[in-house]
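[1] model the structure of this input:
(4 chains)
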There are 2 protein chains.
Amino acid sequence: MPRRHDPERRQRIIDAAIRVAGRDGIAGLSHRTVAAEADVPLGSTTYHFATLEELLVAALRQANEGFGKVLAELLPDGGRGDLAADLARALGEWLGGDRTGVELEYELYLAALRRPALRPVAAEWTDQAAALLARRTDPVTARAVLALMDGICLQVLLTGGSYDEEYARTLLTRLIP
Amino acid sequence: MPRRHDPERRQRIIDAAIRVAGRDGIAGLSHRTVAAEADVPLGSTTYHFATLEELLVAALRQANEGFGKVLAELLPDGGRGDLAADLARALGEWLGGDRTGVELEYELYLAALRRPALRPVAAEWTDQAAALLARRTDPVTARAVLALMDGICLQVLLTGGSYDEEYARTLLTRLIP
DNA sequence: AACCGTTGTGTACGCTCGTACACATGGGTT
DNA sequence: AACCCATGTGTACGAGCGTACACAACGGTT
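    Numbers count the residues shown, from 1 in each chain, chains lettered A, B, ... in the order given. Next up is the predicted model:
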């Protein structure tokens, strides 16, 4: 009976949940699949997260934190360049390579549509992102830019199309006064 | 054994699936729940739709058709007024009352993120909506407006916030040249 | 009228699921 | 050193699931 007294058990389970959701989607999440991925017994996942929704909340929060760091690096405090171009380029990099991570983060985010428990976390995320963007523009524009970028990403991801950076830059420029 | 030889059996099942998904979300869809809602035996749903994904495709297509009609009425061919104001008002009406239908349509639409089989249907929908919008503006702007409206709706639906029509009108005005 | 393929029906199998619960263990407190 | 509670483990139960399949009924074709 190895690994008794595992002080990072909880974190290990969250990481496993993110891997499972990235591979099989939220639909693939269950106490058992997460337990197997984390290599812990079934009872351990149910002990730390009584319901799957609790686990989802923790996973979404962690995914948001990771992406927040990326965004913070992209938007250093003193930046002064062409914001629209910077954002369009960032979207291109984000959507360019392997989309597994992108799909995971969007799926967790969109899950809030049907799960009220996730909505506060989703709101935290948009607030945080808007605050970061507001370092380069006004708050109203920041939220608008977020909305437009969400919409552009969705059009690409949902229809299976390809991302056009020049197109995105043009539209963002229109929106930023 | 009533209702043998039911020529509208297939349609009845699709309608039932939409009701179930509206009430319990896509997660609540199963051959059995749909069969119960449609008041047909289990074998009947599996006969007409071998997989749940087939049923999802049919449901999404039908939901899109309904919403397309609404949009077509909103954007009559000869319209000449303030497009941004019209769209902002339409969003307000759509999001204003009971959001069950809104959530259903978005959930079906967003399901394409993880289900490639739904992506062509999602693409059909955006193409159709863009074509309708293009009667009042240019094609590029039409797609941009769609993206922004999607993003605004998501911010409202995902964070549990309220819709601000004046805010939406302002942003749409910026985007429409 | 005979036939046959589409459509409709009922049931059973094996699987995964959430949940519950009894028991083991070990570290921190007293 | 004794104790206790948070933590960890293993197993079992009942429910719902997709799927498969044998059989029934019906309508169009011949």
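
[2] right, and the helix or strand after the host helix or strand of residue A:149?
    Here residue A:149, judged by DSSP states H and E, is contained in helix A:139-159. Next helix or strand after helix A:139-159 toward the C-terminus (DSSP H and E): helix A:165-175.

[3] list the contacts of that next one.
    With Cβ atoms under 8 Å, 6 or more residues apart in numbering or on different chains as the test, helix A:165-175 has contacts from A:83-85, A:87-89, A:91-92, A:141, A:144-145, A:148-149, A:152, B:140, B:144, B:147-148, B:171, B:174-175, B:177. To be clear about C-beta, it is placed using only N, CA and C from the backbone, and glycine gets the same treatment.

[4] any chance of a ChimeraX selection covering the buried ones in these?
    Here is the ChimeraX command that selects the buried residues among those (16 or more other Cβ atoms under 10 Å in any protein chain shown):
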select /A:83,84,87,88,91,141,144,145,148,149,152 /B:144,147,148,171,174,175
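
[5] where's the spatially most central residue of chain A, which helix or strand?
    Note on chain A: the residue nearest the mean C-alpha position is residue A:105, at 3.3 Å, using Cα atoms, centre = their mean. Assigning secondary structure by DSSP H and E places residue A:105 in helix A:100-110.

[6] buried ones in whichever helix or strand comes after that helix?
    Downstream of helix A:100-110, the next assigned helix or strand under DSSP H and E is helix A:119-133. Applying a neighbour-count criterion of 16+ other Cβ under 10 Å, one finds A:119, A:121-123, A:125-126, A:128-130, A:132-133 buried in helix A:119-133.

[7] what about the residue lying closest to residue A:86 once chain neighbours are set aside, distance to DNA strand C?
    Spatial nearest neighbour of residue A:86, excluding adjacent residues (Cβ to Cβ, 6 or more residues apart in numbering or on different chains): residue A:74 at 6.8 Å. Noted for residue A:74: a distance of 36 Å to DNA strand C, by Cβ to the nearest atom of the strand, to the nearest Å.

[8] which positions in chain A make contact with DNA strand C?
    A:1, A:4-5, A:29-33, A:42-43, A:46, A:50-52 (Cβ under 7 Å from any atom of the strand).

[9] surely residue A:130 and residue A:141 touch.
    No - assessed by Cβ atoms under 8 Å, residue A:130 is found out of contact with residue A:141, at 9.7 Å.

[10] is the residue nearest to residue A:86 in contact with residue A:90, as I believe?
    Yes - the pair residue A:74 / residue A:90 is scored as a contact, 5.2 Å apart, by Cβ under 8 Å.

[11] which one of those two is surrounded by more residues?
    Comparing residue A:74 with residue A:90 by other Cβ atoms under 10 Å in any protein chain shown, the one with more neighbours is residue A:90, at 18 against 15.

[12] now the strand or helix carrying the more buried one and helix A:165-175, what's the angle there?
    Secondary-structure assignment from DSSP H and E places residue A:90 in helix A:83-96. Going by axes from the mean of the first three to the mean of the last three Cα atoms, to 10 degrees, helix A:83-96 is angled at 140 degrees with respect to helix A:165-175.

[13] tabulate the CA atom coordinates of helix A:83-96 in PDB.
    Output of helix A:83-96 as PDB, limited to C-alpha atoms (Å, rounded to 0.1, in the frame of the first residue of the first chain):
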ATOM      1  CA  LEU A  83      -2.900  46.500 -29.500                       C
ATOM      2  CA  ALA A  84      -5.000  45.100 -32.300                       C
ATOM      3  CA  ALA A  85      -2.000  43.600 -34.000                       C
ATOM      4  CA  ASP A  86      -0.600  42.200 -30.800                       C
ATOM      5  CA  LEU A  87      -3.900  40.500 -30.000                       C
ATOM      6  CA  ALA A  88      -4.400  39.200 -33.500                       C
ATOM      7  CA  ARG A  89      -0.900  37.700 -33.400                       C
ATOM      8  CA  ALA A  90      -1.500  36.100 -29.900                       C
ATOM      9  CA  LEU A  91      -4.700  34.500 -31.200                       C
ATOM     10  CA  GLY A  92      -2.800  33.100 -34.100                       C
ATOM     11  CA  GLU A  93      -0.200  31.600 -31.900                       C
ATOM     12  CA  TRP A  94      -2.800  30.200 -29.600                       C
ATOM     13  CA  LEU A  95      -4.900  28.700 -32.400                       C
ATOM     14  CA  GLY A  96      -2.000  27.800 -34.600                       C
END
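
[14] now what about that helix, what contacts it?
    Contacts for helix A:83-96 (Cβ under 8 Å, 6+ apart): A:71, A:74-75, A:79, A:102, A:136-137, A:145, A:149, A:152-153, A:156-157, A:163, A:165-166, A:168-169, A:172-173, A:175-176.

[15] return a PyMOL selection command for the buried portion of those.
    This is how PyMOL selects the buried members of the contacts of helix A:83-96, with burial counted by 16+ other Cβ under 10 Å:
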select buried, chain A and resi 71+75+102+136+137+145+149+152+153+156+157+163+165+168+169+172+175+176
